[in-house]
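Student: A predicted structure for the sequence below; I have some questions about it.
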Amino acid sequence: MTGAATPTDVVVALDVGGTGMKCALVRPDGTVAHTERHPTDAGRGASAVVETVLTVAEGLTERARRAGLTPVACGVVIPGVVDEAAGVAVWSANVGFRDVPLRELVRARTGLPTVLGHDVRAGGLAEARLGAGRGAGHVLFVAIGTGIAATHVVDGVAATGAHGAAGEIGHILVRPGGPRCGCGRPGCLEAVASASAVARRYAELTDAGGPPVTAAGVAERAAAGEPLAGRVWQEAVEALADGLATGQALFDVTTVVLGGGLAQAGPRLFDPLRVALKERLTFHREPRLVPAALGDEAGCLGAALLALDARPALDDLSTLDGVPALNDLETQ
């Protein structure tokens with residue numbers, strides 16, 4: 001991490017999701033001084049969620065000071081489209097944000113220089129620097145959960161793209177005419193190989209009553225030899241291999257780190273996926289395919305990394321005025 005630090009310095013870090021927030025006080029060496037979790041309850045609307053974020057960030061800042069620590073910056077990461085340069089949550093279906101100037105709102109509440117980032121991009125940054133991709137140089141982090149997203153990290157720096165939307169590997173077209181994706185187009189990788197897509201496909205084929213079977217359950221049934229589960233699982237693995245082969249053609253990375261709920265299937269996913277990916281590569285080098293190491297703390301650690309990296313620029317921003325009121329926020 002960058003910048004001169006003292007033993008008492010910490011960063012206030014928040015990873016905001018549709019269901020909950022993972023929060024921490026993180027030292028400049030990446031060790032965690034304190035963690036806590038809070039419900040997001042996105043159904044309350046964007047203004048209520050923003051107020052919760054502000055309250056939690058302020059509370060962590062005060063807690064650090066009471067413990068004799070020095071909060072030096074704040075990092076907040078969210079899902080969706082993020083304009084990191086402007087510090088604006090452009091759009092996030094999971095938490096209801098649209099054009100929310102979250103960076104400035106947090107800065108005003110905490111008094112700390114603040115950075116706003118994308119949750120998967122932050123998680124990939126943490127995995128590349130502190131986790132499974134440490135020392136690899138060129139890393140593609142792919143999170144496979146309800147959706148699929150990725151981040152490309154080169155020498156510890158994550159690419160954001162011209163419009164803040166880099167890494168949307170879940171929207172690579174892998175099955176033309178296939179299931180319709182949440183983005184509106186049929187056949188995206190996310191619509192075939194995400195954890196939610198695996199569960200949905202199995203439910204369609206079995207048409208059975210009772211509680212729904214999760215993607216993890218499908219993996220277990222496939223391993224036990226159930227034909228329909230095996231078919232669904234193989235479809236997902238083949239689609240993932242197609243998506244990763246495209247990613248390797250584009251980015252030529254040393255290591256692919258898989259995180260998210262589906263990656264918790266372990267060898268049931270990684271063993272057949274390695275074989276399928278190797279079959280699809282011709283002249284491209286085969287990347288090392290490994291599970292994420294930081295679990296669901298990756299986004300929070302990544303938020304801290306983003307804040308520490310940006311501290312010189314953030315110190316300049318901390319003098320800005322004109323922070324909008326919460327009741328001015330547009331909600332959806």
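Tutor: Yep, it's here.

Student: Isn't Arg288 up against Leu258?
Tutor: No - counting by Cβ atoms under 8 Å, Arg288 does not reach Leu258; the two are 11.2 Å apart. (Each C-beta comes from the backbone N, C-alpha and C, glycine too.)

Student: which one of the two has more residues nearby?
Tutor: Leu258 (25 against 15; other Cβ atoms under 10 Å).

Student: so what's in contact with Arg288 and Leu258 at the same time?
Tutor: Here Arg288 and Leu258 have no joint contacts, going by Cβ atoms under 8 Å, 6 or more residues apart in numbering.

Student: Under the pLDDT cut-off, which ranges of the stretch 151-300 of the chain? List them.
Tutor: 208-209 (pLDDT under 70).

Student: Helices of that one, residue ranges please.
Tutor: Taking DSSP state H, counting those that start in this stretch as the test, the helices found in the stretch 151-300 of the chain are 189-193, 195-206, 215-223, 227-251, 267-280, 298-309.

Student: And those: which comes nearest Thr31?
Tutor: Closest to Thr31 of the helices of the stretch 151-300 of the chain is helix 298-309 (Cβ to Cβ; 9.8 Å).

Student: what about the strands in this protein?
Tutor: Applying DSSP state E to the chain gives strands spanning 9-16, 20-26, 32-39, 70-78, 81-83, 88-92, 97-100, 114-118, 138-144, 148-154, 157-158, 255-259, 288-291.

Student: Can you get me the start-to-end distance on stretch 145-163?
Tutor: One end of stretch 145-163 to the other measures 24 Å (Cα to Cα, to the nearest Å).

Student: actually stretch 249-262, not the one I typed
Tutor: One end of stretch 249-262 to the other measures 23 Å (Cα to Cα).

Student: So what's the gap between it and the chain middle?
Tutor: Centre-to-centre, stretch 249-262 and its host chain are 13 Å apart (Cα atoms, centre = their mean, to the nearest Å).

Student: Show me which positions of it end up buried.
Tutor: 251, 253, 255-262 (16 or more other Cβ atoms under 10 Å).

Student: picking up where we left off before, include distance to Val174 when you put the strands of the chain into JSON lines, please.
Tutor: Supplementary listing: those in JSON lines, determined by distance: least, Cβ to Cβ, whole Å:
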{"stretch": "strand 9-16", "distance to Val174": "28"}
{"stretch": "strand 20-26", "distance to Val174": "31"}
{"stretch": "strand 32-39", "distance to Val174": "35"}
{"stretch": "strand 70-78", "distance to Val174": "27"}
{"stretch": "strand 81-83", "distance to Val174": "22"}
{"stretch": "strand 88-92", "distance to Val174": "24"}
{"stretch": "strand 97-100", "distance to Val174": "29"}
{"stretch": "strand 114-118", "distance to Val174": "23"}
{"stretch": "strand 138-144", "distance to Val174": "13"}
{"stretch": "strand 148-154", "distance to Val174": "10"}
{"stretch": "strand 157-158", "distance to Val174": "24"}
{"stretch": "strand 255-259", "distance to Val174": "16"}
{"stretch": "strand 288-291", "distance to Val174": "18"}
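
Student: All set now, cheers.
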